[in-house]
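[1] Pasting the sequence and the predicted coordinates here, then a few questions.
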Amino acid sequence: MRWPRATAPAWIVHAGFLVSALLGGGGYVLAGADTRVTIYTLVVVLSTGLFGQALLSGHLTHRRPWLLAIGGLALLLADHLLWPYWIIDGHLGRAEGAPADLMMATAHGLFLAGAAMAVRRRMSADAGGIVDAAMFGACTGGALWVWVFDPHLPASSTPVGQAQVLTDVLVLSAVTGCLLRMAVAAVGAARGTIAYLLLTVVLTGGALTAGALGVPHSGTWSGVSMLVAFLSIAAASVHPGAPAVVEPQAVVERPAGRFRLVWLGVALSVNPAIATVQGLGGGTTGSQLPIATLLVIPLVLIRFRQLTAQRERAERVLARQASHDELTDLFNRRRIMSGIDQALADPDDVIVLLCDLDGFKPVNDRHGHAAGDEVLRTVANRLTTVAGPGREVGRLGGDEFLVLCRGGGDAEIAGLQERIRSAVRLPIALPGGTVEVGVTIGAARATAGSGLDRAGLIARADAEMYAGKPARQLRSSAA
């Protein structure tokens, strides 16, 4: 089966979803119990089949998140086939601790795992924002549990059933937060698929809420909500934007500013604040609220780890910027001078090669500064390659470079200078044509015990370099 391309209109998917939702939902409301089972089964099978077809056809790329999602669908299908009247009779959200509750909670856990994998890939550049969104969602879920679910649970609810419903609420709330974050950052065709996924989660939460509140005809409301949720996840899988949902989104993570941290602190304080208010009012907090808080702790630890890693990366960048030239990535003047001072403190001879480019200014004048920068980068790479390990290369500024050698005989240093000249004068390809530059090298040696300091060593190399300039230009003119 061929699915539309990402650029194709999605109106067919939208129309199919609306028609199916109206027919299926309307038929479910009007039908009797047995017919409702049939309608619900057909919708679940249809949705699972469409999802599977989209997966098998290759429409859904990066298959692991989608495989987990279809695993959740298959589990929900098995749940319905084993206990076909469970939702119809209004058991959803009543915290009875039945096997059907456990199977549904497990299915939602698979959806969470799949969503986490998709979010991790798509929002890799905004990992901190996603964790924040999940924490906000989970903390909101704790408040919903205390104010909406817990007060309305029947006396027949069990601790195991309460834990299952609480887990469902927290999972659905966390996924909602992540999807909302994705929806805000989404561009292009991915928005449609994310909207359908978000609708799936909201409808599932609505079905759970209707059952927990025990509203009139809760079985009908819960059934219709779950039925449309199945259709919406099927629409998400066949939507043209589905492949884009798991593609990395070009969103740059911003540092956690004061405003963001304040709201994060407020969110994390919700559950303890509720527990405090309940305690002051003479009520009981139960064990579920502390459990909800404990479930948020892993997200907090992940966020702290992200902030620590972000700070470490920033410190490494700053340290490199302090010691390296921004244009060529060689050691900058401060770092190479520090290297000379350290070398002079050792017993080995210290040799510096001061390299000044010949013919660089005409390249800048004729081809522009961007071309000049490319020449400098190319020369820097060649100097690093020729110098080899054990020697340090730095840029002093402009078109001046320095090679620091610890030890080496006169023949070795002379050979190094010749290799540098040969490497530098090789042609350099630029967008505006090929250019060539030369190099004049001034060498100076500080022997052990000579008492020569860095300034004197550089001055000797500088003098030799400038002494070589006129001779080089004279030879070039004679040639």
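    Alright, I've got the coordinates. Numbers count the residues shown, from 1 in each chain.

[2] show me where pLDDT drops low in the stretch 301-450 of the chain?
    Across the stretch 301-450 of the chain, the ranges flagged by pLDDT under 70 are 301-307, 309-310.

[3] Where do the strands of it begin and end?
    350-358, 392-397, 400-406, 428-430, 433-435, 438-446 (DSSP state E, counting those that start in this stretch).

[4] Quick check: which of those strands is nearest to residue 421?
    strand 438-446 (5.9 Å; CB to CB). All C-beta atoms are positioned from the backbone trio N, CA, C, and that covers glycine.

[5] which parts of the closest one are buried?
    Buried residues in strand 438-446, counting neighbours by 16 or more other CB atoms under 10 Å, are found at 439-446.

[6] From the chain's centroid, how far away is it?
    How far strand 438-446 lies from its chain's middle: 48 Å, per CA atoms, centre = their mean, to the nearest Å.

[7] quick one: strands adjacent to it?
    Here strand 438-446 has these sheet partners by DSSP bridges: strand 350-358 (antiparallel).

[8] Can you tell me what sits against the strand it pairs with?
    The contact list for strand 350-358 (CB atoms under 8 Å, 6 or more residues apart in numbering) reads 340, 343-344, 375, 379, 383, 396, 399-408, 413, 416-417, 420, 424, 437-446, 457-458, 461-462, 464-465, 469, 472.

[9] who touches stretch 417-424?
    Here stretch 417-424 has contacts from 353, 355, 357, 379, 382-383, 385-387, 403, 437-439, 441, 443, using CB under 8 Å, 6+ apart.

[10] Using the record's assignment, carve this protein into domains.
    11-318, 333-478 (automatic domain parsing).

[11] So which of those domains is nearest residue 324?
    The closest of those to residue 324 is domain 333-478. By CB to CB, the value is 7.1 Å.

[12] that older thread, with distance to residue 46 as extra columns, can I get the buried residues of strand 438-446 in JSON lines?
    Below are the buried residues of strand 438-446 laid out as JSON lines (distance: CB to CB, whole Å):
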{"residue": "439", "distance to residue 46": "74"}
{"residue": "440", "distance to residue 46": "79"}
{"residue": "441", "distance to residue 46": "78"}
{"residue": "442", "distance to residue 46": "81"}
{"residue": "443", "distance to residue 46": "81"}
{"residue": "444", "distance to residue 46": "83"}
{"residue": "445", "distance to residue 46": "84"}
{"residue": "446", "distance to residue 46": "84"}
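
[13] how about stretch 204-223: buried residues?
    204-213, 218-223.

[14] Any idea how far apart the tips of that stretch sit?
    End-to-end distance of stretch 204-223 (CA to CA, to the nearest Å): 10 Å.

[15] Could you give the average pLDDT over it?
    For stretch 204-223, mean pLDDT rounds to 89.

[16] who touches it?
    For stretch 204-223, contacts defined as CB under 8 Å, 6+ apart pick out 28-29, 36, 40, 87-95, 108, 148-149, 152-154, 165, 168-169, 172-173, 176, 225-226, 229.

[17] Restrict the contacts of strand 350-358 to the buried ones and give me that as a PyMOL selection.
    Buried subset of these, written as a PyMOL selection, criterion 16+ other CB under 10 Å:
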select buried, resi 340+343+344+375+379+383+396+399+401+402+403+404+405+406+408+413+416+417+420+424+437+439+440+441+442+443+444+445+446+457+458+461+462+464+465
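
[18] Which member of the contacts of stretch 417-424 is positioned nearest residue 99?
    Of all the contacts of stretch 417-424, residue 99 sits closest to residue 385, with 68.0 Å by CB to CB.

[19] roughly how far apart are that closest one and residue 450?
    Separation of residue 385 from residue 450 (CB to CB, to the nearest Å): 31 Å.

[20] Can you classify residue 42 by secondary structure?
    Here residue 42 is helix, with the state taken from DSSP: H, G, I helix; E, B strand; the rest coil.

[21] and the residue lying closest to it once chain neighbours are set aside, what element?
    Leaving aside its sequence neighbours, residue 42 sits nearest to residue 24 (CB to CB, 6 or more residues apart in numbering; 7.9 Å). Taking DSSP states H and E as the definition, one finds residue 24 inside helix 11-30.
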